[in-house]
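[1] Return atomic coordinates for the entry below.
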Amino acid sequence: MTRELMRDWFAVFAGPLAWFAAHVASWMLAPGAHDTSSIVGLYLVDIAALGIAVTAGVVALGRIRALRGAPPTDQRTQRAWFIAGCGLGLSALSVVLVIGLSLPMLLLLPGAEP
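    Sure, this is the predicted structure:
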């Protein structure tokens, strides 16, 4: 497997996996944070997931910029464009989902959940 292909697949899978891991970790950490009124762990999980999703998006965007000079008729180039575009889209969606996951912590005090 080539280095570019590994980067492309990283860009595709890293954002959604980071969001899913943050979602599961938040679910696991929420009872303890509710009892102690300390949500630092939840913030750290969301910041890490956001960093991973943004990094995946930057990798995908870099790959798209690198593919601008390649001939568009080549089948490998078309596949690489598709994978890099999917990676960029999934990373952007993951960033939005991680921000949405952290919004209740930013807007509500611990223990003020409905």
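
[2] Give me the secondary structure label for residue 73.
    For residue 73, the assignment made with DSSP: H, G, I helix; E, B strand; the rest coil gives coil.

[3] Look up how far residue 67 lies from it.
    Residue 73 is 13 Å from residue 67, where distance means C-beta to C-beta, to the nearest Å. Placement of C-beta: from N, CA and C, glycine included.

[4] same question, residue 102
    Distance, residue 102 to residue 67, by C-beta to C-beta: 33 Å.

[5] okay, the two: which has more neighbours?
    A side-by-side neighbour count of residue 102 and residue 67, using other C-beta atoms under 10 Å, places residue 102 first with 20 against 17.

[6] Now the more buried one. Nearest residue, chain neighbours left out?
    Leaving aside its sequence neighbours, residue 102 sits nearest to residue 46 (C-beta to C-beta, 6 or more residues apart in numbering; 4.2 Å).

[7] Neighbours of that neighbour, how many?
    For residue 46, the number of neighbouring residues by other C-beta under 10 Å comes to 24.

[8] residues in contact with it?
    In this structure, residue 46 makes contact with 22, 26, 98, 101-102, 105, judged by C-beta atoms under 8 Å, 6 or more residues apart in numbering.

[9] Kindly recompute the last result at 10 Å.
    Counting by C-beta atoms under 10 Å, 6 or more residues apart in numbering, residue 46 touches 18-19, 22-23, 25-26, 39, 98-99, 101-103, 105-106.

[10] Of all the residues in the helix or strand harbouring residue 47, which ones are buried?
    Taking DSSP states H and E as the definition, residue 47 sits inside helix 40-66. Neighbour counts over helix 40-66 (16 or more other C-beta atoms under 10 Å) mark 41-42, 45-46, 49-50, 52-57, 59-61, 63-64 as buried.

[11] Need the buried ones from the contacts of residue 46 selected in ChimeraX.
    Buried residues within these, by 16+ other C-beta under 10 Å, are selected in ChimeraX with:
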select :18,19,22,23,25,26,39,98,101,102,105
